[in-house]
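Q: here is my input; please provide its structure:
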Amino acid sequence: MIAARVLAMVDERQGYVERNGIDPGFAYPDANWSLGSQNAFAALFARVARCDQEVIGQLRAFTQVFTGHLLYEVRRGAPILESVAPYTDEVVADALAQRNGPYIEAWQRLTANLPLRYLVNPPARFGEIGHDVGGIIVNHDTFAYQERVNLLVESGVVALLDRLVIERGEIKILEIGAGWGGLASWVKRAFPSCSYTIVDLPECLLFSGLYLGLTQPALSLGWGCDPVPFGFRFVPNYAADALQEPFDLIINTLSMSEMSEVQVRHYAALLKAHWLALDGLFFEQNQDNRHLGFIRARDILAKELPGQKSLTLPSHELQKGMATLWSLRSADPSQAAIGEPITEMQNETYDLFLTHAWRYHEDWTRFGDMLDRVPDLSWRNFSVPWYDPAVDPNTEAGGRFIRQWLESQIAPVAAVIFLDGVYATKSARKWLDLELEIARARSIPVIGLAPVGQTEISNEARALVDVAVGWDPGQILAAVDKLQAAKT
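A: Reported below is the predicted structural model:
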């Protein structure tokens, strides 16, 4: 299905370009992505498009073209074009033992004291390899994407997106050139309320489409410019001009400096005309590739986008190129649009009720453990998933007792935390519906959390809550503050 969609996009390219008067210099692969005889990209695309058992089972082995790093040899090298058969477990283990150490050390420095939500955590599927460090597969690519995530956190972009989720219930992100989907995967897990669009060569969409579609199968996928709320939308680059809408954040990493000048200028024009809202931001990290006969993208962007802020990380020299935030304003983007990361909690005590059905649930327990680990946070859990088993809730007197018991738990709180994992149990729904009824009668805000291990709450749950947030204390408490402020 995914490969068929992509192959159709490739086949439709010439006709679309001719019918719509698209500049061929923009629409067709060029520079480092040229499909000429000296470039292995065309052969790699043809190999992966077969979608046989080897490709799907070892998909990550075929993504070197996006990183320059041969995953199974733990070094730079030419892409695998045919088979991974030579890479036995022993060969891969030996390569990891010899060369993965520096990436582990660099990753550990980047992630020291970093909240769990901010950790790039690739799933152990589709040929992912590396050392298991505290439950996370660490390799060159884990380190590379962690550097980008740290930049987004340190710059305040993540805090900004958290606030936008609270205010709007949805954020819109566009990535120009998503590679195999590594960064998109992290963003969508960190921000379940994000609608994520990828604009890329259709040949590249094969890789990101397969990876994201298979690792997050519960999410909707769309092909073309039609909206896909809270899912992934894949737009071929030659149709980029038809995507005329603003985004809260636009991302490009590594690929702009591998494009032609014509292509970068075309993207800059789209950023200015449509994609960058007044307070929108463009996060870009690219190498200087002039020594390879290509370009330095920032030289072009600096002439087109007035607002810019260079990004750095404390005690870490960036390994994947200079990073910059761009905006349409002439002022420093950090002054108006970017807030500081949520690192300090309010001094007040947060009184919360966690939805339950009279028995302890994994999500209920995990939520309490998560907030208990936040330094200096004062909070109280008013939900007590227990009542006297001698009380029959099906009798009039028993039902009245249960309702009064729940009202006593819910009435004092600042917010109800709606656990969709509990709601997924059919037998629990009558109790959660009653808890929501009590909360609504008292105008108590309801905040939704997806089941543990999932990134999205169900459509049923979304209709019942005021806002859905991720499993992150800062985001949850920011939602409580925002919704409480709206009541006053």
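
Q: so where's the stretch 251-400 of the chain uncertain?
A: For the stretch 251-400 of the chain, applying pLDDT under 70 flags the ranges 330-347, 358-360, 384-393, 397-398.

Q: repeat that for 50
A: Low-confidence segments of the stretch 251-400 of the chain (pLDDT under 50): 330-347, 387-388.

Q: ranges for the helices of it?
A: Remark: helices of the stretch 251-400 of the chain, listed N- to C-terminal, are 261-270, 297-304, 333-336, 362-372, 396-410; assignment by DSSP state H, counting those that start in this stretch.

Q: cool, the stretch 101-250 of the chain as well?
A: Going by DSSP H, counting those that start in this stretch, the stretch 101-250 of the chain shows helices at 101-111, 140-154, 157-168, 182-190, 202-215.

Q: what comes up buried for the last one?
A: Neighbour counts over helix 202-215 (16 or more other CB atoms under 10 Å) mark 202-213, 215 as buried. Placement of C-beta: from N, CA and C, glycine included.

Q: with just CA atoms, put it into PDB.
A: Taking C-alpha atoms only, helix 202-215 is exported to PDB below (Å, rounded to 0.1, in the frame of the first residue of the first chain):
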ATOM      1  CA  PRO A 202       8.700  11.000  -3.500                       C
ATOM      2  CA  GLU A 203      11.500   8.500  -3.600                       C
ATOM      3  CA  CYS A 204      12.400   9.600   0.000                       C
ATOM      4  CA  LEU A 205       8.800   9.400   1.100                       C
ATOM      5  CA  LEU A 206       9.100   5.600   0.600                       C
ATOM      6  CA  PHE A 207      11.500   5.400   3.500                       C
ATOM      7  CA  SER A 208       9.700   7.800   5.900                       C
ATOM      8  CA  GLY A 209       6.300   6.400   4.900                       C
ATOM      9  CA  LEU A 210       7.400   2.800   5.600                       C
ATOM     10  CA  TYR A 211       9.100   3.600   8.900                       C
ATOM     11  CA  LEU A 212       6.500   5.900  10.400                       C
ATOM     12  CA  GLY A 213       3.600   3.800   9.100                       C
ATOM     13  CA  LEU A 214       4.900   0.600  10.500                       C
ATOM     14  CA  THR A 215       6.200   1.900  13.800                       C
END
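
Q: can you start the count at 54 instead of 1 from here on
A: In the new count, where the first residue is 54, that last one comes out as helix 255-268.

Q: quick one: average confidence on it?
A: For helix 255-268, mean pLDDT is 96.

Q: and stretch 490-498, how far apart are its ends?
A: The first residue of stretch 490-498 is 12 Å away from its last residue (CA to CA, to the nearest Å).

Q: before we move on, what about stretch 344-360?
A: Taking CA to CA, the first and last residues of stretch 344-360 lie 27 Å apart.

Q: please state the offset of it from the chain centre?
A: Centroid displacement of stretch 344-360 relative to its chain, using CA atoms, centre = their mean, to the nearest Å, is 26 Å.
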